[in-house]
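Colleague: Next come a sequence and a model predicted from it.
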Amino acid sequence: MTDLPPVRRLLKSRPDRCDGSVILDYDARLIRRKRLQTAQGRGFLVDLAEVTNLDAWWGFELEDGTVLEIVPADEALTEVTGDLPRLAWHIGNRHTPCQIENTRLLIRHDHVIESMLDQLGAKLRHITGPFTPEGGAYGHGRTMGHDHGPAQNHDHQGITPHAH
């Protein structure tokens, strides 16, 4: 099977037809230049002018008119319930990406954040599903989480990428 042509433009809304999909996790939906593969197994090139959060877009139109939908991949998540405003504040205070819903918060598995939330009285449940967290400040960009490994680094450089 041959590769598809490169991306011509990003699409904000669903067009009349869809020729396929590309399934991307949260990290992969922040992109500038990369070869991707459709769910149907065909490769194509994305080469955007700047780093772009694909969560703000419906899909891609390729140079030959092929239309591909962007679908969030299932990921290992933690469902957080309890005093949501208080818990959301603590999650945000740690720069952790968070999907905010009426009855729950969703974060990616993070044993350090989960331990903190447990101490705050949250109910936690591990689930699998698409992760589409709240965007960054002013309606664009991303919240950049922290690495909680042994070499934890807390400098806050490289926050939300944007055009100059």
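Modeller: The structure has been received and is ready for your questions.
Colleague: how far away is L48 from D64?
Modeller: Plainly put, L48 is 18 Å away from D64 if you go by CB to CB, to the nearest Å. No exception for glycine: its C-beta is placed from N, CA and C like everyone else's.
Colleague: ignore the last one, G82
Modeller: 50 Å.
Colleague: more neighbours, L48 and D64?
Modeller: Ranked by neighbour count (other CB atoms under 10 Å), L48 and D64 place L48 first, with 14 against 11.
Colleague: list the buried ones in the strand or helix carrying E114?
Modeller: E114 belongs to helix 111-119 when elements are defined using DSSP states H and E. By neighbour count with 16 or more other CB atoms under 10 Å, helix 111-119 contains the buried residues I113, E114, M116, L117.
Colleague: This structure: helices as residue ranges?
Modeller: Residue ranges of the helices in the chain, as given by DSSP state H, are 84-93, 111-119.
Colleague: on that earlier part again, and the helix holding E114, what other elements does it pack with?
Modeller: Applying 3 or more CB pairs under 8 Å, 6 or more residues apart in numbering; DSSP states H and E, we find helix 111-119 packed against strand 74-81, helix 84-93, strand 123-130.
Colleague: Give me the angle between the last one and helix 111-119.
Modeller: For strand 123-130 against helix 111-119, the angle between stretch directions is 140 degrees (axes from the mean of the first three to the mean of the last three CA atoms, to 10 degrees).
Colleague: Let me know which of the helices and strands packed on helix 111-119 is the nearest to N53.
Modeller: strand 123-130 (15.1 Å; CB to CB).
Colleague: chain center to the closest one, what's the gap?
Modeller: 16 Å (CA atoms, centre = their mean, to the nearest Å).
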